[in-house]
Each structure stands twice: as C-alpha cells, then as structure tokens.
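Participant: got a predicted model here, sequence first, then my questions.
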There are 2 protein chains.
Amino acid sequence: MRDVARRAVRAEIAAKAMQLFLAQGFEATTVKQVAAAVGMSGRSLFRYFDTKEDMVIGGLVELGHDVAAALELRPADEDPWTALRHALEVCVDSLEEDELGLRRAKMLATTASLRTAMLDKHLRWQQILVPHVEKRLRDSGQPQAEALAARALVSAALSCLDVAAVAWTEAEGARPLTNLVDQAFAAVRS
Amino acid sequence: MRDVARRAVRAEIAAKAMQLFLAQGFEATTVKQVAAAVGMSGRSLFRYFDTKEDMVIGGLVELGHDVAAALELRPADEDPWTALRHALEVCVDSLEEDELGLRRAKMLATTASLRTAMLDKHLRWQQILVPHVEKRLRDSGQPQAEALAARALVSAALSCLDVAAVAWTEAEGARPLTNLVDQAFAAVRS
DNA sequence: CCACGTTTGTCAGTCGCTGCCATGCCCTCG
DNA sequence: CGAGGGCATGGCAGCGACTGACAAACGTGG
C-alpha cells in the first residue's frame, strides 16, 4: 500500500520533469530546477530516481516485461525472429498512442546522454527476453544453439526497433512506426 | 608535423591510463591519478581526451574506417550481411592479436560506463558504414530499400559483434572469437 | 633578442550524485 | 494517551568528471 504512494510520486515527478525537459531541453535543465518544480529537495529526488535520465526512461523497464509476456503468447512453432517482431508491437503501440510520444522520442534520439541511457535499457530488456527466446530455440529442435543465438537474435531485434524509432522521429511521425519496424526486420532477414 | 607529436602524446597517455585501469579498475581510478602517472595536470588531460572513457576507447574510431575499407573490398555481388560479416573480421583480428585485448575486452564488458561508451562508438561506426551498405543495396537492384534497410543491417551486425565479444570474454577467450561471430551472424539470418 | 602562437598549469566553479545526520511524520504498542 | 520505532524528507558537506578564464613557460621565426 505504501508502494502505491511511492509509484504515484514517481509518476508525478516524471511528469513534471518531462514538462521541463521538453520546454527547455534535457541537458539545459538541472535537477535543482526539477526539484523546485516538484516542491522537493534535490536530495530527495535521488531517492526516487537513481539518475536524471531515469526520470525520462525509468518507466520503460516494466515495458520489457510486457514484451516478454507478448512473446510468450506467440505460437510455439513461430520462428523466433517473427515472434520477436510481433512481441515488439507493444512498444510500437506505447510510442504511437499519444503525440507526446513523438516529442519524447525525438528528445531521446537527439540528446546524447539519453541515447546511451536507452541503450542501457535495451541491455535490461535483452536480459529479460533472452531466456524466453532460448526456450523457443530449444523447443523448436535447435540442439546446440546455446545462449549465443538467443542473445544475438534479441540484440539484433532491439537494434531494428531502435533504428526504426529514429527514422520515425526523423520523419516527424509521418510514416507509421509499425511499417518502419517491419522494413527494418525484413532488411535484416535479407 | 605537430599532429604527430599530439598523436604520440595521446598514445602515451592511453597506454599509461590502460595500465592503471587494468591494475585497479576503471571506476576506482581517478583522472588525477592518471594525470600524476603521466606527469601532467588533470586539466591538460582533457585537452587530449574529451572523456575519461575516451582514454580507453578513443583509438577505436579509426578502426571503423578500416572496417569500411574492408567492406569496400568485398565482391560487389556479395549480399550485404555476409559482406559485413567479413568486413568485421578486422575487428576480430585486432581483438585477438594480443592477450591484452582479452583483458581490455573484459573490462569493457563489465564496466557500465565503458559499455555505454562502446555503444556510442558503435553509433559512429554505424554512421561510417551505412553509406557503403546503401551503395551496396542500390547496386544489387534493391529499388526502394532506402536508408532504413542499410541502418538496420549495420546496427544488427554491430549488435552481433558485441554479443559475440561479450560471450568471448565470458569464456575467457577459450573459444575463438571468429567462430562466435559466425554463430551470432548465422543465428540472426535464421 | 623580441614578438607570437601554442601548450601547459592553476584556480574556481558547475553539475550530477552520495553519505551522514538531524528533523518531523505516522503508526503501533504498552 | 504517551512513548517508542520505522520512514520519508531536508540540509550539508563532499567527491569526481568536466569547463572556462587567466597567466606563465615554451619554441619558433623575424
């Protein structure tokens, strides 16, 4: 029950922070300003977020588990690559749903420290997704595929998502993100 | 002619820094210590390297151009994916040549800030390699493939290299890196 | 030998982030 | 009801990476 309050505070902070970041830029905004905007001491901010970047990205870790759940729902005989493609649709949806997603994505794509933070998040997603893909490989007969294949597949898939997202922001969201992800995945399948 | 001296100083600093980093860890080593070891003020260090991480990774940017050159040498009718695989062999060689490469790779894989710096470097490599892959796609008939396909291919290929390198360090270099890269590339081709 | 540009050191400062300690809050138990 | 134990918060001092500004030392060319 206390976790509820904590989550609510986190969400509130993240919202106010995003507001500031979008208004005057991520790097140009200090944590003190965020603290002031939220009515909190700077010290306490870091009791809710480990990093300034986490105020933007923090909520996306749980999305990784959503992807894993979606992956689990795909038919067992589907090959891992297309299964991953379909599972990642939940990310596509979460980005496309509100037009604020585009502005946020653009900030993520253009700010250096945020880009690297995103890549870190991808590493966590990778750790979440790899076991599921391994199971999938085992079930479909691959005898000696080992962990390496699973890691390569997940990493490549996330790269495709990333590339598609960047292209999406560059096009100002004109082309639907789903198509871009499809193209990226198709290009790698060769 | 002055650039020669500058490059020599950079190399000297990087060498002494690596020595310290390997001895007592990257994060546990302050720039002041590196400065002292090299007989320089901390301020001047940052006139040779933008970042502490650059002292480890800095030299690898040029390697991206080597990869591009190797890519250019591949037969024009080779499909992009295998062409990239062969071009990346220059990275494999540069990592495998001395056993210091393994220790460095292990440090790169385990230190958080260095991992993200590596991913940044991959982004630069991506920018270098994408034009060449684009040309390759155009030449081989792909009419409307556009930039997206090239970016996806390069990004996925670098992911595979990264995954293979991590697996290589985890195995203490027991299995040859080349084979691991082959497996990663094969896994994605599906 | 003197002017000039480059390189270097020093100092002070910013910013993200952390540890420590004190304060105030609520909740429970006696 | 009042005392005690968590728990969230604030303030402060500090670290470490990094930067700007200024001045001193250096080498080179006139």
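Facilitator: Right, received. Where do you want to start? These numbers come from a predicted model, not from an experiment.

Participant: show me where chain A has helices.
Facilitator: Taking DSSP state H, the helices of chain A run over residues A:2-24, A:31-38, A:42-45, A:54-57, A:60-73, A:80-87, A:89-96, A:100-110, A:112-139, A:146-170, A:177-189.

Participant: who wins for proximity to DNA strand D among these?
Facilitator: Closest approach to DNA strand D among the helices of chain A (C-beta to the nearest atom of the strand): helix A:42-45, 3.2 Å. Using the backbone N, CA and C atoms, a C-beta is placed for each residue, glycine as well.

Participant: how is chain A divided into domains?
Facilitator: Annotated domains of chain A cover A:2-54, A:59-189 [automatic domain parsing].

Participant: out of those, flag the one nearest DNA strand C.
Facilitator: domain A:2-54 (3.4 Å).

Participant: how about the closest one, does it reach DNA strand C?
Facilitator: Yes: using C-beta under 7 Å from any atom of the strand, domain A:2-54 comes into contact with DNA strand C via A:29-32, A:42-43, A:46, A:50-53.

Participant: what lies in contact with stretch A:180-190?
Facilitator: The contact list for stretch A:180-190 (C-beta atoms under 8 Å, 6 or more residues apart in numbering or on different chains) reads A:81-82, A:85, A:88, A:92, A:156-157, A:160-161, A:163-165, A:167-168, B:79-81, B:145-146, B:148-153, B:156, B:188-190.

Participant: now do residue A:143, the pLDDT please.
Facilitator: We have a pLDDT of 62 for residue A:143.

Participant: the one 10 residues further on now?
Facilitator: In the predicted model, residue A:153 carries a pLDDT score of 97.

Participant: and the gap between it and residue A:162?
Facilitator: Residue A:153 is 15 Å from residue A:162, where distance means C-beta to C-beta, to the nearest Å.

Participant: and these two? Which one has more around it.
Facilitator: residue A:153 (30 against 21; other C-beta atoms under 10 Å in any protein chain shown).

Participant: can you redo the domains of chain A as a markdown table with distance to residue B:11?
Facilitator: Formatted as a markdown table, the domains of chain A follow (distance: least, C-beta to C-beta, whole Å):
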| stretch | distance to residue B:11 |
| --- | --- |
| domain A:2-54 | 31 |
| domain A:59-189 | 26 |
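
Participant: would you mind finding the most buried of the ones you listed?
Facilitator: Mean neighbour count, computed with mean count of other C-beta atoms under 10 Å in any protein chain shown, is highest for domain A:59-189 among the domains of chain A, reaching a mean of 18.

Participant: now the terminal residues of that domain, how far apart.
Facilitator: 31 Å (C-alpha to C-alpha, to the nearest Å).

Participant: that domain near DNA strand C anywhere?
Facilitator: No: Domain A:59-189 stays clear of DNA strand C (C-beta under 7 Å from any atom of the strand), getting no nearer than 8.5 Å.

Participant: so how far is chain B from the residue nearest to residue A:61 when sequence neighbours are not counted?
Facilitator: Distances taken as C-beta to C-beta, 6 or more residues apart in numbering or on different chains place residue A:124 nearest to residue A:61, at 6.0 Å, with adjacent residues excluded. Separation of residue A:124 from chain B (C-beta to the nearest C-beta, to the nearest Å) stands at 12 Å.

Participant: these two touch, right, residue A:124 and residue A:65?
Facilitator: No: counting by C-beta atoms under 8 Å, residue A:124 does not reach residue A:65; the two are 10.2 Å apart.

Participant: which parts of chain A sit against DNA strand D?
Facilitator: Counting by C-beta under 7 Å from any atom of the strand, the residues of chain A close to DNA strand D are A:2, A:6, A:9, A:39-41, A:43-44, A:47-48.

Participant: let's go with 10 Å and repeat that
Facilitator: Neighbours of DNA strand D within chain A, by C-beta under 10 Å from any atom of the strand: A:2-3, A:5-6, A:9-10, A:13, A:35, A:38-48.

Participant: what sits against residue A:105?
Facilitator: Residue A:105 neighbours (C-beta under 8 Å, 6+ apart): A:95, A:165, A:168-169.

Participant: also residue A:52?
Facilitator: Residue A:52 neighbours (C-beta under 8 Å, 6+ apart): residue A:31.

Participant: just residue A:18 next, same as before
Facilitator: A:55-56, A:104.

Participant: name the nearest residue to the residue nearest to the spatial centre of chain A, sequence neighbours excluded.
Facilitator: With distances taken as C-alpha atoms, centre = their mean, residue A:60 lies nearest the centre of chain A, 5.1 Å away. Spatially, and ignoring its direct neighbours in sequence, residue A:60 is nearest to residue A:121 (5.7 Å; C-beta to C-beta, 6+ apart).

Participant: now do residue A:2, the pLDDT please.
Facilitator: 76.

Participant: pLDDT below threshold where in chain A?
Facilitator: Along chain A, segments meeting pLDDT under 70 span A:142-145, A:190.

Participant: what does it put close to chain B?
Facilitator: A:79-81, A:112, A:115-117, A:119-120, A:123, A:145-153, A:155-156, A:158-160, A:162-164, A:166-167, A:180, A:183-190 (C-beta under 8 Å from any C-beta of the partner chain).

Participant: who touches the closest residue to residue A:178 other than its chain neighbours in this structure?
Facilitator: Ranked by C-beta to C-beta, 6+ apart and with sequence neighbours excluded, the top spatial neighbour of residue A:178 is residue A:92, at 5.4 Å. Contact analysis of residue A:92 by C-beta under 8 Å, 6+ apart lists A:177-178, A:181.

Participant: now render these as TSV, adding distance to residue B:138.
Facilitator: Output for the contacts of residue A:92, formatted as TSV (distance: C-beta to C-beta, whole Å):
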residue	distance to residue B:138
A:177	25
A:178	25
A:181	23
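
Participant: now, which of those residues sits nearest chain B?
Facilitator: Chain B has its nearest neighbour among these in residue A:181, at 9.4 Å by C-beta to the nearest C-beta.
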